[in-house]
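Peer 1: Take this sequence and fold it.
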Amino acid sequence: MTYPTRDVSQINAWSKNTLGEHLGIEITEVGEQTISGRMPVDHRTHQPMGLLHGGASVALAETLGSIGAALQVDLRKKACVGLEINANHIKGVKSGYVVGKATALHVGRTTQVWEIRITHEETGALVCISRITMAVIDLPAPAQPQV
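Peer 2: Purely as a prediction, here's the structure:
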């Protein structure tokens, strides 16, 4: 696997057997410091009153921000892990798809900050706005063979 990739099909393959796959999240577009995706509003993402669950919106936001952050580093040497996420839920949605677009606000050596705007695919109405702060950490060095 080449890092970082901008190949949407390869990025979607990273979600195999994850929460993102279970929720039906798919990446649709990748830019230099942006990433977009969508998620169905259905039985997997509803809360008991039949509306999009706020936690599902946060899962979409964190998925987009985390992948966006990972695409900014050399994943052979670095990893990006969430430090903090917040979300304001603006409008309820009962069906269709929501679309998220994550945009980097800060890409630094040790931290990144991403803003994620989630809208209803059909109406364009703002559903949720979120911000995630990511820590950029060093991966452990590979173990050296014992001589």
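
Peer 1: what's the spacing between the longest helix anywhere in the chain and its chain's center?
Peer 2: Using DSSP state H, we find that the single longest helix of the chain is helix 54-70. Between the centre of helix 54-70 and the centre of its chain there are 3 Å (Cα atoms, centre = their mean, to the nearest Å).

Peer 1: And stretch 60-76, by the same measure?
Peer 2: For stretch 60-76, the gap between its own C-alpha mean and the chain's C-alpha mean amounts to 7 Å (Cα atoms, centre = their mean).

Peer 1: Flag every buried residue along the longest helix of the chain.
Peer 2: Buried positions in helix 54-70, judged by neighbour count with 16 or more other Cβ atoms under 10 Å: 56-70. C-beta: built from backbone N, CA, C; applies to glycine.

Peer 1: ditto for stretch 106-126
Peer 2: 107, 112-114, 116-121.

Peer 1: and the helix or strand of the chain with the lowest mean pLDDT, how far out from the chain's middle?
Peer 2: Lowest on mean pLDDT, DSSP states H and E among the helices and strands of the chain sits helix 8-13, with a mean of 93. Chain-centre distance of helix 8-13: 13 Å, with Cα atoms, centre = their mean.
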